Every structure is written in structure tokens, then in C-alpha cells.
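# Would you be able to build a 3D model of this:
(chains A, B and C, ligands or ions: 1)
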Amino acid sequence: MTLSFLAALINLDKPGVFLHWGVIQISLANVIVIGLMVAVFLLAIFIPFDRKSRRR
Amino acid sequence: MSETTILQRRFNPDRDARPWQGGSRPYDLIKEVTICFLVVTVLVVGLAFLFGSPDDKAISIQTWATANQIDFAQTSISELNGTSGTATYGPPYNNFVGSSQSLGPISLESWIGVHIPVNPAQDFVLGPLSTVANAPNVTRALDVFNAATPSQQLAWETNYATAVSHASSVNGHLVVPRGAYGPIGVMIGQLTAMAKSGALDSAMVDQSGFYGTNYTKSLLYIADSTYFAAQGTAHHLSGDQWGMMNETGNFPGQAWLWLYTFWYQVPPFSTSANADIQVSALMGLLSLLLLLVPFIPGLRSIPRWTRVYRFIWKDYYRSQG
Amino acid sequence: MSTTKDQTVLDQEEAELARQWTGRIRRLLVDALPPDKLLPDRQPSYLSSWIYIFGALTIGGLALVILTGTVLALEGPQWWHVSSIGLFVNSMHLWSVEFFFFFMVIHLWGKFFMAAWRGNRQLTWMTGVVTFFFSIGAGFTGYVSQTNFDSQWIATQAKDGINATGAGAFVNALNFGQMLMWHIVLLPAAVVALTGLHILMVRHKGIVTPIEVNGTEVPHQGTQSESDPS
Ligand code: HEM
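Residues are numbered from 1 along each chain as shown, chains lettered A, B, ... in the order given. As a prediction, the model looks like this:
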């Protein structure tokens, strides 16, 4: 059965993009994932959780 | 000994936590977990729609020999004359001495010994050829080879290895320059034909019976080729390309292996013949440190020194004035 | 038809119940995790940060990994190469693994910077770390079970590392049948069991209180030999 609507909208199956920086070689995809992890961690720490519970 | 007493001990801010005397408020854990599950589901379905997942076809012996029969013939003679990667691997596959890794005097690899016996000459070349029926020239070549003395066999193998390094493909046929290699030309020629037809793939899996699920031998054979190594390097998957954390295409890979693959890129590991066991040992040690952080003075103080916790509990510290 | 037992029989039963294995284990469990500790409806007021939801997000990721993995397992290892639904389920499996690790690592960072092992929570931290390592093993065996080029490559590369430690004699990355068993039975069972233990420990201890830099003495329950003057 072919359900074409299930096919990926963006085709990532192309030759990978890699960043080189001295000894470091990393795929763009992994950089994005790791960068997002750091960003989400920082957001989780800095965004106020619950305005109501703040004491005045 | 097990009598429980109430003791006073110095409060250590990196080890102790005071029991909570302050207030509480309603908090719905089950709702939290449910919402989290739904959020993850939406994210996952979204990315599955957007990006899908990679699926580069597996490489069979047939694919390999069809794409590059010269490489196949060259790899096969190295299996027969015992110079291939698998033939010179040592434990756990065979008794070849000198290639096992060690950490100082300790070589777990060679102490454990042979547990998954692989004899490339027999398993990859002679065995599959002996299954060929209705080909008198092949049977004859095998008989001649088997009847010869080891030194004669070695001479033929060496001569063929030299000749095949100048081989070419003519109209899809493997053409090896003439030489004094006795029956080996027929043997490797037949093996190459078997490989290209797919018969070698089934001959090698057949060894494990009707329900074969063990591809150890075929994979070792394929991995000895230059063709396979080139595919890995082209996909940026090789060990010296931080390949361990990469995925084919533009997909994120096992990014959590960054530290493991990092060590392979830097000295002394990048030039060491024992890199695998050295990096394993180092990672084992670092893993133990992570496990034991709560007990290690200094390490367990980092949270207090970095003061990141001031942001996490900002409401609490603000209320404390 | 009520027969009144006489007092000595009742006393004997009472004594027997006090010694009973079943009863003892039940009292132990109920003491460790009474219902309002197991599923509390209130939390201490210092719990006020988004960092606390990453444990629950990790549970969500794990649940989706297991659900999608179950479908892939039921359809068999070749299905997703030939069916577009199969490929989609495989994509969900891959991305749920990426999210599982994404959230787990943020959770780990958060717990580290909160020094969440304080107050006898060392075992909670340690089960977390062990779960992390087992998850890496589960991820690895999954990559090796893809039955495509990626799995062939990873298996042939990883064998050297595994063989060098001597473990290769028993853990053979090139043996597809063995890797699939690790991936769909043994390691998921371990990860799920460890996660369960981890969460029960969190509930048993309650969420750790904020770091107090200038604390004084704390009453410490324990035996003389357990106390550690460091
Ligand atoms: C399958 C992976 C994991 C799951 C599903 C999980 C789940 C959870 C949940 C639901 C909580 C309570 C809520 C929260 O604070 O987020 C928690 C607490 C905790 N987790 Fe995890 N966790 C996992 C892995 C880890 C790892 C890798 C670590 C650290 C190395 C870790 C360390 C802790 C600690 C120390 C606590 C106690 C927090 C406190 O008392 O305040 N966990 N975990």
C-alpha cells in the first residue's frame, strides 16, 4: 500500500552537511539538536513557572 | 549494630537537605504526565511527517561484487591467503596472534579466546566453492588446490594476489593478467560469478540453517572490502570522522555518544593501536564518576559553586528575602 | 453460624500475622509509599520551575518509544522497508528516541545543578544514571537492528570496541538475531523496570528541598557506623 501523504515533507536523505572546526567534525543536524538542548535548558530555568504562586 | 540512634552531624550543603517545614499547594501529577505525553506525541508525529527517517539499503555480497568485482576478487584472495582484516583479527574469531588490543599487560581480548570461530579461507572461499555442482572445472580446481602442499598453495595465492592487483573489468567480466597461480584463477573467477549472482549470499547464510539470523560471517567478509569502507567514509560515518554519533543523510544521530567518539580524534588515542580498549577503559571510569557524583567531594560541590540553582528556586530564595 | 474463637487462638493468630512474610512485606511497602506519598495531590511550594517537567517529558518519550517499537516488533524487522505506513511508524520510533534522550539529558543537567542527590537521594541519582546507560545500550542495539546499511556499518565498527573489552565473545553486534533480542526484549525490560524504580524512589523521598548554603546541624537518623563526618 502506498500512502503518499505519509512521505516526509522535507527530504533529509541527501549528503550530510558537516561542520569542521579544528579537531571537531559534527553534522549540522547534531549541532542543531545539541544547541536546542542547551536553549531549552536555559529557557526552562529562566522562564517563570507560576505567576500566581509568586509571593509579593 | 543496627540500633537506630538520632545523631547530630555537621550539615553538608552538598550532601544534606533539610526537611521541608514550609507550605504546599495543589499540584496534579497525573495531569502533568498526561499533558507531557500528548506534547511529545504531537512533536514526534510532526517531525515524522516533516522529516521521515533514513533507510539506506543494506549492502549484500551481490551488491558489492556487482558494483566492484575487482575489489571483490582482491578481498577474496586476501581471505584465502590469510592477510585480510578478518583473517588477522585474532580472538574472538580465530587464533591469529599479535592483533589483540591490550592495556599494559592486560589483554582481555586474547584471554577470552576464540568464541565465534571464523576461518575466512574455509568459510568465505573454499566452503562456498565446494557447494558448486555441475561445474567440472571448478571441482577439478578445488581438488588440485586441496591436494597441493601448503607452500605450493601459498605460492599460487601470492602470485594471484599480484596478478589481481592489475585486474580489469572487460564487458562485465573479471580479467586477471596471466600468472603462475595454478587453480586459483578458476576458483576466484567462480566465486566472483557466484557473488554477482547472489548465490554466495545464500551459500553463506545457509551455513546457519533454514532460519538464519546470524550474519556474522557475511558482514565480516563485506567489511574487509575497500568498497564498504568507502561507503562509510562517504556517509561521514568512519571512526576518525566522529562517525559514531552520525547518521546517514542529514538526520541527527546518537549525539549522546559525543564524548565516546571524541577521544578517538585526539592523541594518544588517535594514533594508538590499542585505542578501543583505552577509550573503553576511560569511558568506564568517567561513567563511574557520573554514577558516584553524590559521594565525590568537589564534584558534588559544583552545583553550589555554579549557583545555577539560584535561578531554579528563584521564587523560594526571593521569599526568603 | 458464628463460632467465637477463644482468646488464645486469637492471640496465636495475631502473633503469626506479625511474623507472616506477606504481611511484613505489605507493611514495608505501605510504610515506604502510603497512597498520599505515591500519588500526592499537593507539592511543596518551592517546586516552581519548568525544569521539573523534564522527568515527566522523559516518561512521555519513553512511552512513545515503547508504543511505536511494539508496532514495529509485531510487524517484523523487514516491514518498514516495504510499507509506507511502516516507514512512518519507524520515523515516529526514531524521533521519539531522539526526544527521549533530549529530555532525559536536560533532566540530568537539571538534577545535577539542583544537587538533587542531597538528603539520602543518592540512589535516585544512581538509578537515573544506570537508566541512562541502559538507554544508550537500547539505542545502540536498535541502530544495529535496522537491517539496512546504517546497521551493517555500525555493527562492523562497534565490534572492535566490544571485542577489545573481551565482551565480544558474548555480545556479538554482527549477530542480528542476538541484537534484536537485546533490543526488543532484554534492554527495554531493563529500562522500564529501572524507570519504575527511579520514580518510586522519587515519590518515596519527595522532591528535594532548595540548597541551603549556611545550614547548621541536622538531625540525622542512622546508625553510628553509617554516619559520615565528611
Ligand atoms: C528514563 C529516564 C528517566 C525518567 C523517565 C526519569 C523520571 C523522573 C521523574 C518523573 C522525576 C520526578 C520529577 C522531576 O523532578 O522531573 C525524576 C526525578 C529525579 N531524577 Fe529522573 N528520570 C530519568 C533519568 C534520570 C537521570 C539520567 C538522572 C540523573 C543522572 C535522574 C536523576 C533524578 C533525580 C536525582 C531525581 C530526584 C529529584 C528530586 O528529588 O527533586 N533521572 N526523574
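# what is residue A:26 paired to in the beta sheet?
residue A:19 (DSSP bridges).
# How many residues are close by it?
Per other Cβ atoms under 10 Å in any protein chain shown, the neighbour tally for residue A:26 reads 21. To be clear about C-beta, it is placed using only N, CA and C from the backbone, and glycine gets the same treatment.
# Verify the contact between it and residue A:18 for me.
Yes: using Cβ atoms under 8 Å as the test, residue A:26 is close enough to residue A:18 to be in contact (6.8 Å).
# low pLDDT regions in chain C?
C:1-3, C:214-230 (pLDDT under 70).
# Identify the residue spatially nearest to the spatially most central residue of it, adjacent ones excluded.
Nearest to the mean C-alpha position of chain C, counting by Cα atoms, centre = their mean, stands residue C:195 at 1.5 Å. In space, residue C:195 comes closest to residue C:131 once its chain neighbours are excluded; the distance is 5.8 Å by Cβ to Cβ, 6 or more residues apart in numbering or on different chains.
# Please identify the helix or strand for the one you found.
helix C:122-144 (DSSP states H and E).
# touching chain B at all, the helix or strand following that helix?
Once the chain leaves helix C:122-144, the next helix or strand it forms, by DSSP H and E, is helix C:149-164. Yes: applying Cβ under 8 Å from any Cβ of the partner chain, one finds helix C:149-164 touching chain B at C:149-157, C:160-161, C:163-164.
# and helix C:149-164, what does it pack onto?
Contacts defined by 3 or more Cβ pairs under 8 Å, 6 or more residues apart in numbering or on different chains; DSSP states H and E place helix C:149-164 against helix B:108-112, helix B:216-223, helix B:226-234, helix B:275-291, helix C:122-144.
# Dump these to TSV, plus mean neighbour count.
Shown next, in TSV, are these (neighbours: other Cβ atoms under 10 Å in any protein chain shown):
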stretch	mean neighbour count
helix B:108-112	19
helix B:216-223	24
helix B:226-234	17
helix B:275-291	16
helix C:122-144	21
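# Quick one: closest of these to residue A:35.
helix C:122-144 (20.5 Å; Cβ to Cβ).
# Check whether the closest one comes near the ligand.
Yes: Helix C:122-144 lies within reach of the ligand by Cβ under 6 Å from any ligand atom, at C:124, C:125, C:128, C:129, C:131, C:132.
# what does stretch C:100-116 give?
Yes: Stretch C:100-116 is in contact with the ligand by Cβ under 6 Å from any ligand atom, via C:104, C:107, C:108, C:111, C:116.
# Select from those residues every entry located in helices.
Among the residues of stretch C:100-116 next to the ligand, the members found in helices (DSSP state H) are C:104, C:107, C:108, C:111.
# which of those residues count as buried?
C:104, C:107, C:108, C:111 (16 or more other Cβ atoms under 10 Å in any protein chain shown).
# Contact partners for whichever residue of chain A sits closest to the ligand?
Going by Cβ to the nearest ligand atom, the ligand is nearest to residue A:44 of chain A, at 10.6 Å. Residues in contact with residue A:44 (Cβ atoms under 8 Å, 6 or more residues apart in numbering or on different chains) are C:49, C:50, C:51, C:53, C:54, C:106, C:110.
# swap the cut-off to 7 Å and go again
C:50, C:51, C:54, C:106 (Cβ atoms under 7 Å, 6 or more residues apart in numbering or on different chains).
# What number of neighbouring residues does the residue nearest to the second one when sequence neighbours are not counted come out with?
Distances taken as Cβ to Cβ, 6+ apart place residue C:110 nearest to residue C:51, at 4.1 Å, with adjacent residues excluded. Around residue C:110 sit 23 other residues, with neighbours defined as other Cβ under 10 Å.
# so how far is residue C:124 from residue C:110?
In this view, residue C:110 and residue C:124 are 13 Å apart by Cβ to Cβ, to the nearest Å.
# Check residue C:23 too.
Residue C:23 is 28 Å from residue C:124, by Cβ to Cβ.
# again with residue B:139
From residue B:139 to residue C:124 the distance is 68 Å (Cβ to Cβ).
# Pull the contacting residues for the closest residue in space to residue B:272 that isn't next to it in sequence.
Spatially, and ignoring its direct neighbours in sequence, residue B:272 is nearest to residue B:278 (6.0 Å; Cβ to Cβ, 6+ apart). Residue B:278 makes contact with B:103, B:269, B:272, according to Cβ under 7 Å, 6+ apart.
# Likewise for residue C:38?
residue C:203.
# and if we set it to 10 Å?
C:29, C:30, C:32, C:199, C:200, C:203, C:204 (Cβ atoms under 10 Å, 6 or more residues apart in numbering or on different chains).
# before we move on, what about residue B:86?
Contacts of residue B:86 (Cβ under 10 Å, 6+ apart): B:75, B:78-79, B:93-94, B:96, B:118-120, B:123-124, B:217, B:219-221, B:223-224.
# Apart from its chain neighbours, what residue comes closest to it?
residue B:220 (4.5 Å).
# shouldn't that neighbour be in contact with residue B:79?
Yes: using Cβ atoms under 10 Å, residue B:220 makes contact with residue B:79 at a distance of 9.3 Å.
# For these two, list the residues in contact with both.
Shared contacts of residue B:220 and residue B:79, counting by Cβ under 10 Å, 6+ apart, come down to B:85, B:86, B:87, B:120, B:123, B:124.
# Can you get me a residue count around residue 50?
Defaulting to chain A. 14.
# oops, chain B please
Count around residue B:50 with other Cβ under 10 Å applied: 13.
# Next one: it from residue A:8, what distance?
7 Å.
# excluding its backbone neighbours, what's nearest the residue in the stretch 201-321 of chain B that the ligand sits nearest to?
Proximity of the stretch 201-321 of chain B to the ligand (Cβ to the nearest ligand atom) peaks at residue B:290, 7.0 Å away. Excluding its sequence neighbours, the residue lying closest to residue B:290 (Cβ to Cβ, 6+ apart) is residue C:129, at 5.5 Å.
# Test my guess that that neighbour contacts residue C:108.
Yes: here residue C:129 reaches residue C:108: they are 8.0 Å apart, a contact under Cβ under 10 Å.
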